[in-house]
Structures are given as C-alpha cells and as structure tokens.
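> any chance you could fold what I've pasted below:
(chains A and B)
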Protein chains: 2
Amino acid sequence: MRKNMKINILHLGFGKVGTEVVRQLSDFERVLQSRLNVELNFLGVFNSKTQFLPESGLLASQLIVKMESGGLKEGKDLDQAISKINEPFILLDTTASDQTFPYLIKALKKGGYLVLSNKKPLSGPYKNFKKLMEFGENRIFFETVVGAGLPVIKTIKDMMSTGDEIIKIEGSFSGTLGFIFTELQKGRKFSQVVKEARDQGYTEPDPRDDLSGLDIARKVLILSRLLGQKSELRKINLSGLVPDEMKDCSVEDFMQKLIHLDALYAVRIKNASKKNESLRFLGSVEKNKSSVQLLEIDSSSDIGNLKGPDNIVVVQSRRYSKNPLVIKGPGAGIEVTAAGVFTDILEAIKAIKANQVIPAVLNTLPVAV
Amino acid sequence: MRKNMKINILHLGFGKVGTEVVRQLSDFERVLQSRLNVELNFLGVFNSKTQFLPESGLLASQLIVKMESGGLKEGKDLDQAISKINEPFILLDTTASDQTFPYLIKALKKGGYLVLSNKKPLSGPYKNFKKLMEFGENRIFFETVVGAGLPVIKTIKDMMSTGDEIIKIEGSFSGTLGFIFTELQKGRKFSQVVKEARDQGYTEPDPRDDLSGLDIARKVLILSRLLGQKSELRKINLSGLVPDEMKDCSVEDFMQKLIHLDALYAVRIKNASKKNESLRFLGSVEKNKSSVQLLEIDSSSDIGNLKGPDNIVVVQSRRYSKNPLVIKGPGAGIEVTAAGVFTDILEAIKAIKANQVIPAVLNTLPVAV
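Residues are numbered from 1 along each chain as shown, chains lettered A, B, ... in the order given. Sure thing, here's the model as predicted:
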C-alpha cells in the first residue's frame, strides 16, 4: 500500500463558508485518502478574533469535533505559522478581509499553494494581483470569487490555455440585484423589494453595500485581469444605484428615503417592457472598457430572460463568436461556495503532485543485492 | 533549466477534428514547452485507410508540415505501436469507430492515458465502459462526447467528487435537432427545414442518423454511466422521429416522403404555442429512467427558450436543487471540439505528472562523496 502524502493546511477565515468547507472535507476524508492517497492536515485555523493552532495538526473530521466541543485553544500567530510550516501546504483564505495579502505572498514564497474565496487580495492594486500571479497559475486557485460554485474561472482559463481569445464577458454577477430586478418587473415597488431583500438576509445589513455595485465591480475587475488587462478598480465604469444624497445617511434614513426612488424605477421598468426589454444590473468586461451599470436588455436574450437570484455569465470568444458560451445558476450560497472551494483544493492537490519531485521515491528504490 | 518531459502520442482518427487538434497543439507547442516543460511527440497517426508511423516521432508542428507536404509514409500497425511504446504516453481517439475499444484497453494496460472524442467505446456494452473506468478516472478523459467544448463532463465530475448528488440531467444535446425545431417554430414546414439542414451540412448525409435520436441516446447513456448507473443503450427510452415505414427506404425516398410529416408537426407546434410551450427533442437522465423524446416545454424555461443550434445542459443536484446549474452554447463544430480535446490533453498531462514516480529523479540524486 502506498503511503499517504500529507498536505498541511492553514485556514484563514472560519465563518459560514469556511466551516462548511471543513465539513465537506471531513465527509470525504476517507475518499481523499483511498483514491488520491492524500491526507489533509489542518495545522492552523485563524479568524479575526482568535488564533487557533492545534499542536501537530488535525484532520478535518477531528477539527469538526473540536469545533463543536469548543476544544480549540488559542495558539500562535499566522506569520509564525507560515514561517514554521513544511511543504507541501495550502493556505486557504475564506475571509472577506483586505489584510491577508502579505500572508498570501509569504506562503507562496515558502512554496505553498493558495485557495481563495476572498475577492479582496485579487481586486486590490494591480501590482498586488501581478505579484500573486508571478508564482504561476498552478499555485493559486480562486474559482469561487465569481459565481460561487459555477465553473466560470476554470472555463475561461481552459479557453485561454487552448488558444482561444476572449472578446467579451458579460453577465449578472449578483443574486441580490437579480432578485430585486426580477421582483420590480412584476410591478412591485423598489422600496418594498429592497426592504424584503434586506429582511430575508439577501442583502448586506446595509443594502447600499449591494446597491453600490462595488462587489460586482471587484468581480469584473478580477475577470478583466484574468484576460491579461492591467486594470484598476477605479478605472471600471461603475454606475451604482445609490444616489449621492443617500450615500452618507444612516441605514435607517436610507431605508426611509428609498421610497423617493420608486417612481424612477417604475417608469424605467414600464418603458423597457414596452420594448420587450428587461432592466438588468450588468457587469461587462471588454478590452479597455469594463463596466457595471443598469441597462435595458432584450427580454428574450439569456441575460434578459434571467429570473430570481441566479447568476449568469456569457462568454464571447473567437471560437464562441456567433453563439456565446453561457453558464447560469445560483451564484451565491454557503454550500455551493464551499463546494467550489473544495474543487479548488482538489485542483491544488493535483498541482502539488504534478510539481513535486517525490522524495518518497528514495525509500522505494530497488535495493542493490 | 529543467529538461522537458517527453510524452508520446498515438493518434487514431485523422479527420477534421483530429487535424484541427494537431493544428492547435502546434500553435501552442512553445507554450507547452516553456510553461509545462512538456514536449508532445507524435509516434503514430492512424486512420481507416492508411497507417502512418514516423520513425522516432514528430512534434505537432512537424506533423502539420508533413501532412501538408504529403510526406507521411505508410507504417507499422497500431497493435504493434502500442506494444512498443514507452511511457508516458497518450492514446488519442478522434475517430467515430466502434472498433477502437481493444486498443484502448491495451493502451491502458501499457500504462497509457486516453483522450477520446469518440462516443462509441463509452456507449457500447456496460461491461466495456466498466473496464475502461477500472483503470481510474484520471486515466481517461472524454469532455467532448457531450456538448463538444462545453464544460459538461468536467463540471458533473467536479460536483460528484466534492460530494454533491446529481438528481437529474436534461437538455438539448443536438444542434441539428435544435436548429430544426427552432425553424419549425417560425411556421416553416418540417420537410423544408430538414432539407435545408441537410443541404447546409448540419445533418449527416442520411438525416435519419440525426432524426433517429441514436446519437443523443449515446450521450444520455454516457451521462447516466457517469452518475454510476449500470445502463445499456437498449434500456434508454428512445422515441425517435423516423416513422417505422420510413426506416428502410433509400435516402432519396425518405426525403420525398418527409412531406407526409409536415401536418403532424404543424399541429403539434401550433397546439404547443397556444400553451406558450415549445417542442424540444429532449434528452433526460434520471435514476432508472433515462429517455430521449420530443416534448412540449414551457417556452420561458431555459430549454424552451433555446434558439438555433445551441446545446443546453441543465443539471439538478442536491446542492443545485431549486435553481439548477445550466451550461449552454454551441455543442458541435470542429474548432470548439478540437479545443475540448486539447483541454483534455492538458488534463492528461497534469494526471501523468501527478501519477508518475519520476524516474529522472534517479539521475539528480546527490552523489555520495
């Protein structure tokens, strides 16, 4: 029997998605061991409040038990953990923090692999993105930053790595805004729909975080960089849905004032539907003109026909020119996002195996007699 | 500088797709060498008429030149070629032949990797499929057998390997039939549309090969097997579009007789559109009830809204239950199919690297002084 390869994990961000990733890994622990001959060993789990670091590491299944029993102790800091870690290892960033970049670089320099569901390190200054990519595209995986578990990034990378040229990527990258505009189309009021979305937990506590379009702009930025563009967030043509005079008030004031926007959207929806068009908050990536804005779209098109909280990504390329390649489905949610992170971990395992000259071979050489 | 890993290739089926694969590989030869440290070496190219086998192998770029100059010579046979080949190697089957299965098994036994765009070996008796899979799912790649270059197989495999359960896969898996029913919906006659599809080269020379639904049934069968079902082609509930009395006549007679079907389809289309439904030739995979049949589908649904020659695949799973995961786009065409084969070759290269205990390490061991 082959000995399992032990891969160490440092896990930043232990929120809902992070916890679900560990749960899914725990369910598949035996499969990973028997089929891939891999044992994932959590050496440290870190969140904003406390730093946990079990002494010699824990399997996902053991970590789950510790978490549930509250048996995790405060431990050493992340910087030290990266300094001490042995290869091969994966640094998992499931935070929403813009502070993790230096640790990611440190991990790459140490020979580690990165799996991120965190958009921030990829959507900061271009020079940071470039630094992360300089270690090679098989060292960093981030499928879930656009469309959660939908196979968006991977499909685009596969197209490019077989010589296709991407001409345009557009789509609806926010389930929250998809939900809002689907409801508006039914004749409901903007203020009412935003309130409902907030009450249901579809929006951030301050709905302006969604309505500003900033999160979508980050996704558009990452896609444009994936296509090789040296783009910056401020260069994206972002027309958010929060009027200037409503940007600085309290959340409560904002929710009160929403009613003033009802007429505006009612008219736009009405005019659009006369032309058989739908209002969509559209993200678009093209050479030198990426944008995020509210647009009227032919209702029978893929994007115009979108309903509810689904995401859709429409990729037009040299090979897929007349008819684009379309990927659609839930683009958010804890379980599907965690599954996307899990898929990335499997990709990272493949890359680790492919890149390393296996020291174990030394022990299995035929002995000279 | 690291030495390139040489991967040998035996290529069966040198038709349009096969030639385009070599052309795309040729364009990317330097990238493969510089980024992946891999050199693909064609040891043999085989088609039904002649067997070519250059002595010590050719790079894709050299093979292209030889092909264009007609400089390929008749060579040794395939069986012998597999016996003689050194690892690591890939057997590429871009034929449409049902005779390649024994060679595929022989190649697997020899330690080779398979990349197939050929559906036949995967849609024969279940025991053959099982034999192919017994060597491990990282030894055989066949993304293009459903939806050509669309990322269908890979997405389903990723879902399953992260613990999702597929409940249902349905879709329109034939661009030809998609085209025909889109045109019918415009009020055109069945006989007229089939004739046009044939004249444009959208159908096989005998359109009954498309209208029978057999090719779609093969795709449905492969998908069902991917989900772990021990299914056989004859068990698929296939309701083709060729009436019994038109099955045995000549192609010319068949084309003449098509006019008798015009009224039938005109009525069905009319009745469907009254209910805001579209006629779709639907493939469906579910536990113990896979089928291929003509059905009325809500016109505003993803499948009902499909236009022209696009394929669509709708995957419903435990995680994607309320809103399915949808992949849509051109599901045929030489360039996109070849690109899908190329993607599979890249996956096979990753798997080769990940699986092999690199003999080269023996030469780089520190010498004891």
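
> need the contact list for residue A:158.
Residues in contact with residue A:158, defined by Cβ atoms under 8 Å, 6 or more residues apart in numbering or on different chains, are B:151, B:343, B:346. For the C-beta atoms, the positions are set from N, CA and C on the backbone; glycine is no exception.

> ok, the first one to residue B:251 distance?
It refers to residue B:151. Relative to residue B:251, residue B:151 is positioned 36 Å away (Cβ to Cβ, to the nearest Å).

> so which of the contacts of residue A:158 belong to strands?
With strands taken from DSSP state E, there is no overlap with the contacts of residue A:158.

> could the residues you listed go into JSON lines alongside pLDDT, distance to residue B:197 and neighbour count?
Listed next are the contacts of residue A:158 as JSON lines, based on pLDDT from 0 to 100; distance: Cβ to Cβ, whole Å; neighbours: other Cβ atoms under 10 Å in any protein chain shown:
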{"residue": "B:151", "pLDDT": "97", "distance to residue B:197": "27", "neighbour count": "23"}
{"residue": "B:343", "pLDDT": "97", "distance to residue B:197": "29", "neighbour count": "24"}
{"residue": "B:346", "pLDDT": "96", "distance to residue B:197": "34", "neighbour count": "18"}
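
> those also near chain A: which ones?
B:151, B:343, B:346 (Cβ under 8 Å from any Cβ of the partner chain).

> name the nearest of these relative to residue B:55.
Residue B:55 has its nearest neighbour among the ones next to chain A among the contacts of residue A:158 in residue B:346, at 27.2 Å by Cβ to Cβ.

> neighbours around the spatially closest residue to that closest one that is not a sequence neighbour, how many?
Spatial nearest neighbour of residue B:346, chain neighbours left out: residue A:161 (6.4 Å); criterion: Cβ to Cβ, 6 or more residues apart in numbering or on different chains. By the criterion of other Cβ atoms under 10 Å in any protein chain shown, residue A:161 has 18 neighbours.

> which phi and psi values does residue A:161 adopt?
Dihedral angles phi and psi of residue A:161 (degrees, to the nearest 10) take the values phi -80, psi 0.

> surely it touches residue B:345?
No: using Cβ atoms under 8 Å, residue A:161 makes no contact with residue B:345, being 10.8 Å away.

> identify the residue nearest the residue of the stretch 51-200 of chain A found nearest chain B in space, chain neighbours excluded?
Nearest to chain B in the stretch 51-200 of chain A, going by Cβ to the nearest Cβ, is residue A:162, at a distance of 4.2 Å. The shortest distance from residue A:162 to any non-neighbouring residue, by Cβ to Cβ, 6+ apart, is to residue B:342 (4.2 Å).

> likewise for residue A:291?
residue A:237 (3.9 Å).

> ok, residue A:193 next?
Distances taken as Cβ to Cβ, 6+ apart put residue A:183 closest to residue A:193, at 4.4 Å, once the chain neighbours are dropped.

> does residue A:6 sit in a helix or strand, and which one?
strand A:5-12 (DSSP states H and E).

> and that strand, does that touch chain B?
No: Strand A:5-12 stays clear of chain B (Cβ under 8 Å from any Cβ), getting no nearer than 10.4 Å.

> tell me the buried residues in the next helix or strand after that strand?
Using DSSP H and E, the helix or strand that follows strand A:5-12 towards the C-terminus is helix A:16-27. The neighbour-count check on helix A:16-27 (16 or more other Cβ atoms under 10 Å in any protein chain shown) flags A:17, A:18, A:19, A:20, A:21, A:22, A:23, A:24, A:25, A:26 as buried.

> tell me what helix A:16-27 is packed against?
With contacts defined as 3 or more Cβ pairs under 8 Å, 6 or more residues apart in numbering or on different chains; DSSP states H and E, helix A:16-27 has these neighbours: strand A:5-12, strand A:38-46, helix A:60-69, helix A:334-355.

> about what we covered before: could you report the neighbour count for the residue nearest to residue A:291?
When counting by other Cβ under 10 Å, one arrives at 12 neighbours for residue A:237.

> residues touching it, list them.
A:289, A:290, A:291, A:292, A:293.

> confidence-wise, which of those comes last?
Ranked by pLDDT, the contacts of residue A:237 bottom out at residue A:289 (89).

> returning to that earlier point: right, and the residue of the stretch 51-200 of chain A closest to chain B touches residue B:344 too?
No: here residue A:162 does not reach residue B:344: they are 9.8 Å apart, not a contact under Cβ under 8 Å.

> of these two, which one has the most company?
Between residue A:162 and residue B:344, residue B:344 has the larger neighbour count (other Cβ under 10 Å), namely 27 against 24.

> which ones are touching that one?
By Cβ under 8 Å, 6+ apart, the contact set of residue B:344 is B:115, B:141, B:142, B:143, B:144.

> which residues of the stretch 1-150 of chain A score low on pLDDT?
Residues of the stretch 1-150 of chain A meeting the criterion pLDDT under 70: A:1-2, A:49-51, A:53, A:75.

> tell me how many other residues surround the residue nearest to residue A:162.
Residues near residue B:342, counting by other Cβ under 10 Å, number 25.

> quick one: contacts for it?
Contact analysis of residue B:342 by Cβ under 8 Å, 6+ apart lists A:162, A:163, B:21, B:24, B:25, B:28.

> dump those to CSV, plus distance to residue B:355.
Output for those, formatted as CSV (distance: Cβ to Cβ, whole Å):
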residue, distance to residue B:355
A:162, 22
A:163, 26
B:21, 23
B:24, 25
B:25, 21
B:28, 23
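
> from the residues you listed, which is closest to residue B:313?
Nearest to residue B:313 among those is residue A:162, at 20.1 Å by Cβ to Cβ.

> quick one, phi psi at that closest one?
With angles defined as degrees, to the nearest 10, residue A:162 sits at phi -110, psi 20.

> quick one, what contacts it?
With contact taken as Cβ under 8 Å, 6+ apart, residue A:162 is in contact with B:24, B:28, B:339, B:342, B:343, B:346.

> okay if I get the residues you listed as TSV plus distance to residue A:224?
Compiled in TSV, the contacts of residue A:162 are given as follows (distance: Cβ to Cβ, whole Å):
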residue	distance to residue A:224
B:24	25
B:28	23
B:339	22
B:342	24
B:343	23
B:346	24
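
> gap between the most centrally placed residue in chain A and residue A:233?
Chain A has residue A:145 as the residue nearest its centroid, 1.8 Å off, counting by Cα atoms, centre = their mean. Here residue A:145 is placed at a distance of 14 Å from residue A:233 (Cβ to Cβ).

> quick check: neighbours shared by the two?
residue A:218.

> quick one: low-confidence residue ranges for the stretch 251-369 of chain A.
Residues of the stretch 251-369 of chain A that meet the cut-off, pLDDT under 70, sit at A:357-369.

> was I right to think residue A:194 contacts residue A:206?
No: assessed by Cβ under 8 Å, residue A:194 is found out of contact with residue A:206, at 11.3 Å.

> comparing these two, which residue is more hemmed in?
residue A:194 (25 against 14).

> if I pick that one, what's in contact with it?
Residue A:194 touches A:180, A:203, A:207, A:211, A:255, A:258, counting by Cβ under 8 Å, 6+ apart.
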